[in-house]
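Colleague: what would the 3D arrangement of this be:
(chains A, B, C and D)
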There are 2 protein chains.
Amino acid sequence: MSDLLERLRGRGWRMTAQRRVVAEVLDGDHVHLTADEVHARAVDKLPEISRATVYNTLGELVTLGEVLEVSTDRRAKRYDPNAHRPHQHLVCAQCGTIRDVHPTGNPLSSLPDSERFGFTIEGADVTYRGTCPSCAGA
Amino acid sequence: MSDLLERLRGRGWRMTAQRRVVAEVLDGDHVHLTADEVHARAVDKLPEISRATVYNTLGELVTLGEVLEVSTDRRAKRYDPNAHRPHQHLVCAQCGTIRDVHPTGNPLSSLPDSERFGFTIEGADVTYRGTCPSCAGA
DNA sequence: TCCTACGATAGACATTGTCTAAGTCAAGTA
DNA sequence: TACTTGACTTAGACAATGTCTATCGTAGGA
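Modeller: Next up is the predicted model:
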């Protein structure tokens, strides 16, 4: 992800302090943040950044395919910078922690033609639900 | 689902006109309604029913396991009365139509131990994304 | 029939996200 | 470097969805 800024510049993105900060927040291993969490961390680095700009920038990153939206629960959408390696998600029902996981096989192969109802299938999102070790121990 | 009211009464549910109406709305084949849609249809049958009551009743039905919550997109939660037959969902990316589908195999078997990170896995929700015939034709 | 606890109600409030109008500035040009 | 322009940012209003509270009503048992 370190070359994200280069890729964006290459696509004609106007580089602003705000966009740089949002990209920096998403970089690193603290993944699956909500928009509000991204905003909070961005404010630490650039106090005057507005909420709308964070939402706009996240939306643009999603459109560009650099970040994925994840909606594992009824709460806020989360943003996953791991957009370049296909994966699914494992969610703790207690604390909401999300882990990226890589299942075997192709999930599409489990859906027979008779269950496709004429749809053109483009993909499948799998959310494994469970309890994480910390919550299980508590 | 026609015996839903009986089951609920058997569980000590106090039967009120409002709860009966909500259950009736969910009954039938017009499935996957949002809370707001349930409320709109309930108002047709019982004009003075309040939004809070619909939300409360839906929440109770979910808790009782009679109805499933489905969050396939960033929009409102949808309520699926087909709670007694395990199934997954097929969603049209254009119009948002949802179909219940029954994939083969057990989705949990695709997640190897090395990808479980110590979680106790309870289940997997699969959302197949695609384009429905109507939207593809348009 | 009467009581009472459980359920319903209206509406305030909370959370998450979108939109708008006006001001600001990155980057190209000279 | 200074100028110009349109893309970007901002604050805050607004919207959609959902939750909570105080009060009133009523289902169902005594």
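Colleague: contacts for the longest strand along chain A?
Modeller: If you go by DSSP state E, chain A has its longest strand at strand A:120-131. Applying Cβ atoms under 8 Å, 6 or more residues apart in numbering or on different chains, the contact partners of strand A:120-131 are A:72, A:88-94, A:101, A:103, A:107-108, A:111, B:90, B:93, B:107-108, B:110-111, B:116, B:119-131, B:136. In short, each C-beta sits where N, CA and C put it, glycine included.
Colleague: do the longest helix seen in chain A and chain B meet?
Modeller: For chain A, the longest helix by residue count, based on DSSP state H, is helix A:51-63. No - judged by Cβ under 8 Å from any Cβ of the partner chain, helix A:51-63 stays clear of chain B, getting no closer than 11.0 Å.
Colleague: just list what whatever helix or strand comes next after that helix packs against, helices and strands only.
Modeller: Going down the chain from helix A:51-63, the next helix or strand is strand A:68-70, by DSSP states H and E. Packed against strand A:68-70 by the contact rule (3 or more Cβ pairs under 8 Å, 6 or more residues apart in numbering or on different chains; DSSP states H and E) you find strand A:78-80.
Colleague: could you give the number of residues near residue A:103?
Modeller: If you count neighbours by other Cβ atoms under 10 Å in any protein chain shown, residue A:103 ends up with 20.
Colleague: before we move on, the earlier item: any residue of the longest helix of chain A up close to DNA strand D?
Modeller: Yes - with Cβ under 7 Å from any atom of the strand as the criterion, DNA strand D is reached by helix A:51-63 at A:51, A:52, A:53, A:56, A:57.
Colleague: so who does the nearest residue to the first one once chain neighbours are set aside touch?
Modeller: By that I understand residue A:51. Excluding the flanking residues, the one nearest residue A:51 by Cβ to Cβ, 6 or more residues apart in numbering or on different chains is residue A:39, at 5.6 Å. The contact partners of residue A:39, taken as Cβ under 8 Å, 6+ apart, are A:49, A:51, A:54.
Colleague: wait, residue A:77 touches residue A:70, no?
Modeller: Yes - using Cβ atoms under 8 Å, residue A:77 makes contact with residue A:70 at a distance of 6.9 Å.
Colleague: which one's more surrounded, these two?
Modeller: residue A:70 (20 against 15).
Colleague: which parts of chain A sit against DNA strand D?
Modeller: Within chain A, the residues that sit near DNA strand D (Cβ under 7 Å from any atom of the strand) are A:13-14, A:16, A:18-19, A:46, A:48-53, A:56-57, A:74.
Colleague: before we move on, back to that, nearest to DNA strand C among the residues of helix A:51-63 next to DNA strand D?
Modeller: residue A:52 (3.5 Å; Cβ to the nearest atom of the strand).
Colleague: on that earlier part again, which one of the residues of chain A next to DNA strand D sits in the busiest neighbourhood?
Modeller: residue A:57 (25 neighbours).
Colleague: just checking, it touches residue A:25?
Modeller: No - at 9.9 Å, residue A:57 does not count as touching residue A:25 under the criterion of Cβ under 8 Å.
Colleague: in space, what's closest to the residue sitting nearest the centre point of chain A - neighbours in sequence excluded?
Modeller: Nearest to the mean C-alpha position of chain A, by Cα atoms, centre = their mean, lies residue A:80 at 2.0 Å. Distances taken as Cβ to Cβ, 6+ apart place residue A:68 nearest to residue A:80, at 4.3 Å, with adjacent residues excluded.
Colleague: contact partners for the one you found?
Modeller: Taking Cβ under 8 Å, 6+ apart, we find residue A:68 in contact with A:62, A:79, A:80, A:81, A:82, A:83.
Colleague: rewinding a little: confirm the residue nearest to residue A:51 sits in a strand?
Modeller: No - with DSSP: H, G, I helix; E, B strand; the rest coil as the criterion, residue A:39 is assigned helix and is not in a strand.
Colleague: against residue B:105, how distant is it?
Modeller: From residue A:39 across to residue B:105, the span is 41 Å (Cβ to Cβ, to the nearest Å).
Colleague: quick one: the residue of chain A most remote from its centre from chain B, how far?
Modeller: For chain A, the largest distance from the centre (Cα atoms, centre = their mean) belongs to residue A:114, which lies 32.2 Å off. Distance of residue A:114 to chain B, computed by Cβ to the nearest Cβ, to the nearest Å: 9 Å.
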